[in-house]
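Undergrad: give me a 3D structure for the following:
(one chain, ligands or ions: 1)
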Amino acid sequence: WSDTRIRKFKKEFLFGVATSAYQVEGAWDTDGKGESIWDKYLHDHPELIADGRNGDIACDSYHQYKRDVEMLRELGVDHYRFSISWPRVLPTGLTNDINEKGLQYYDNLINELLKYGIEPMVTIYHFDLPQSLQELGGWASPLVVQWFEDYTRLLFDRYADRVKFWITINQPSFCFESYGGITAPGIKSKGLGDYMCVKHVLLAHAKAYRLYEKEYKNKYKGSVGISLSLNFGHPLNNKTENQEAAEIFRDFTIGLYMNPIWSKYGDFPKTVRNRVMKKSKEQGYEKSRLPTLSSEEIKLLKGSADFVGINHYTSVFVEARTDSDEIFEVPSLQDDIGVLLTQSDEWVSGKSSWLKSAPYGIYKLCLYLNEKYNYPQTFVTEQGWSTGTSLNDRSRVDYLREYLIALLFAIEDGTKVMGYTVWSLMDNVEWNAGTSERFGLYEVDFEAEEKTRTARLSALVYKRIIQKRVVEKDWTPDSWKISITPRSERDEL
Ligand SMILES: CCCCCCCCCCCCC/C=C/[C@@H](O)[C@@H](N)CO[C@@H]1O[C@H](CO)[C@@H](O)[C@H](O)[C@H]1O
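TA: Sure, this is the predicted structure:
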């Protein structure tokens with residue numbers, strides 16, 4: 001990015017931060033909340049948590065939500081993306097038992113946000129399925145589509161008058177970790193259960209979208225989208241086989257979710273269907289391990305989103321391999337894709353092993369989506385950087401600035417982006433990594449009873465970017481104290 005022209009985010013561009021219920025709320029069994037798959041998984045397997053800290057208490061946002069909103073006001077954000085815990089509002093997962101105290105908690109949070117002019121952006125599902133539904137088959141069962149629709153209706157009935165941004169599901173690609181035995185519920189069904197899960201997640205999303213479209217949209221005028229994990233695969237070099245390998249990788253990691261909703265003909269990408277079918281036959285399966293979508297399902301899915309939520313953290317290089325079955329488990333997504341992934345040693349590393357900074361990845365991703373899906377409406381719903389504990393998070397500042405600059409270039413080249421959301425407002429429970437990887441603009445002292453939150457350098461820098469709508473590479477704050485800027489003053493800046 002050598003040219004020095006100053007690029008600005010428009011006034012209507014929304015800046016925000018994100019969290020999710022399991023990662024911040026704590027209060028795992030308070031006020032009638034049911035057990036989630038993450039409660040069970042980490043209670044049963046404490047040895048899997050890097051530093052032994054699970055989500056039982058986390059940031060205690062269930063009790064400290066007013067402090068969370070105060071931090072949002074200090075940052076001066078336009079929106080706050082948070083998720084609703086399904087088992088907190090429906091302890092059995094089904095609507096036979098509605099937990100009023102759970103619903104009240106989100107009422108309070110939403111009202112507190114609106115009181116200060118902060119737009120709530122609600123994720124309906126962020127990985128924490130009620131354990132009782134897991135025992136009935138979870139996301140591998142087709143019944144989950146109806147369960148999800150019933151749960152969603154409850155939320156729309158209760159909150160749609162105040163919530164204008166809805167995200168049905170966070171990252172359907174969770175299926176590959178959940179059914180790869182890596183994350184809750186820890187089921188090992190690679191190349192089979194994971195694909196069933198993807199199909200049902202997409203259908204659940206589409207049903208929720210159609211429900212809003214039919215019964216709530218006219219009245220409340222909100223938008224419903226889905227957040228996808230869209231990291232970018234660059235070919236390792238210009239060799240044709242690596243270019244093709246990168247395209248296959250993108251079909252499996254982007255197209256698998258985007259094609260059914262955003263492509264002209266719908267359905268999973270042809271390359272993915274053909275590849276999994278061929279491998280399945282070779283492996284002795286009569287039918288493809290990738291479930292088919294019926295013509296009604298294709299119709300239901302096509303066009304079922306007002307925006308695509310982009311969760312983008314990093315990039316990979318993709319290299320063609322012919323011997324993938326010797327490297328990866330068979331069957332598995334990795335074997336079906338059949339490529340080798342690497343990251344450059346020159347990319348700065350975050351605290352998470354997979355997280356390296358390659359800002360041009362978001363630019364390339366945006367242009368790829370524009371070309372492939374005809375300039376879809378997007379919203380960056382997550383982007384973030386992990387460190388250890390320190391208030392001086394220079395590497396996060398660099399990461400944020402460089403990615404935002406790359407995003408400005410993508411906007412200039414025609415990408416339709418409504419807003420940007422930093423993961424995360426504060427340090428939280430990073431799933432199996434516990435609190436060993438910190439993603440927060442605010443540091444959280446998990447040892448302290450009140451889970452004290454303190455602004456990091458990145459919080460001050462992000463506040464400044466939001467105020468000025470430009471990314472100033474050399475700006476440093478005079479003091480590390482953060483305080484609330486009244487909205488009226490902010491709007492004058
Ligand atoms: C020499 C070895 C080289 C290996 C190179 C291969 C590395 C591939 C890495 C690709 C990235 C895969 C993992 C990506 C994960 C993220 O996209 C995912 N974690 C995003 O999920 C959200 O992230 C937040 C932070 O992790 C999380 O807290 C939040 O709940 C998720 O929504």
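Undergrad: which residues does I327 contact?
TA: When contacts are counted by C-beta atoms under 8 Å, 6 or more residues apart in numbering, I327 touches 321, 334, 340. C-beta coordinates here come from the backbone N, C-alpha and C atoms, glycine included.
Undergrad: beta-bridge partners for the last one, please?
TA: Beta-bridge partners of L340, counted by DSSP bridges, are E319.
Undergrad: quickly find the element holding V308.
TA: If you go by DSSP states H and E, V308 is part of strand 307-311.
Undergrad: ok, G384 to F328 distance?
TA: The spacing between G384 and F328, counted by C-beta to C-beta, to the nearest Å, is 28 Å.
Undergrad: I405 now?
TA: Taking C-beta to C-beta, one finds I405 at 36 Å from F328.
Undergrad: tell me which of these two has more neighbours.
TA: F328 (20 against 17; other C-beta atoms under 10 Å).
Undergrad: can you pull the phi/psi pair for that one?
TA: phi -110, psi 160 (degrees, to the nearest 10).
Undergrad: next: the one 5 residues further on.
TA: Dihedral angles of L333 (phi, psi; degrees, to the nearest 10) stand at phi -60, psi -40.
Undergrad: cool, and G191?
TA: Dihedral angles for G191 - degrees, to the nearest 10 - are phi 70, psi 10.
Undergrad: which residues are in contact with the closest residue to T415 other than its chain neighbours?
TA: With C-beta to C-beta, 6 or more residues apart in numbering as the criterion, T415 has its nearest non-adjacent residue at 4.1 Å, and that residue is C366. Applying C-beta under 8 Å, 6+ apart to C366 gives the contacts 310, 378, 407, 410, 413, 415, 417.
Undergrad: wait, is the last one part of a helix?
TA: Read it as V417. No - according to DSSP: H, G, I helix; E, B strand; the rest coil, the state of V417 is strand, so it is not within a helix.
Undergrad: please name the nearest non-neighbouring residue to it.
TA: Excluding the flanking residues, the one nearest V417 by C-beta to C-beta, 6+ apart is T378, at 5.2 Å.
Undergrad: got phi/psi on that neighbour?
TA: Main-chain dihedrals, T378, degrees, to the nearest 10: phi -120, psi 170.
Undergrad: what's the distance between it and V24?
TA: As judged by C-beta to C-beta, T378 and V24 stand 25 Å apart.
Undergrad: neighbour count winner among the two?
TA: V24 (27 against 23).
Undergrad: tell me which residue in the stretch 1-150 of the chain sits closest to the ligand.
TA: The minimum distance from the stretch 1-150 of the chain to the ligand, using C-beta to the nearest ligand atom, falls at S20 (5.2 Å).
Undergrad: could you list every residue that touches that residue?
TA: Counting by C-beta under 8 Å, 6+ apart, S20 has contacts 82-83, 123, 126-128, 170, 428.
Undergrad: make JSON lines from these and add pLDDT and secondary structure to it.
TA: Listed next are these as JSON lines, based on pLDDT from 0 to 100; DSSP: H, G, I helix; E, B strand; the rest coil:
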{"residue": "F82", "pLDDT": "99", "secondary structure": "strand"}
{"residue": "S83", "pLDDT": "99", "secondary structure": "strand"}
{"residue": "T123", "pLDDT": "99", "secondary structure": "strand"}
{"residue": "H126", "pLDDT": "99", "secondary structure": "coil"}
{"residue": "F127", "pLDDT": "99", "secondary structure": "coil"}
{"residue": "D128", "pLDDT": "98", "secondary structure": "coil"}
{"residue": "N170", "pLDDT": "99", "secondary structure": "strand"}
{"residue": "N428", "pLDDT": "99", "secondary structure": "coil"}
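Undergrad: and the helices in the stretch 201-350 of the chain?
TA: Counting by DSSP state H, counting those that start in this stretch, residue ranges of the helices within the stretch 201-350 of the chain are 217-220, 240-250, 256-262, 270-282, 295-301, 324-327, 333-337.
Undergrad: the fifth one: how far from the chain's middle?
TA: If I follow you right, that is helix 295-301. Relative to its parent chain, helix 295-301 has a centroid offset of 24 Å by C-alpha atoms, centre = their mean, to the nearest Å.
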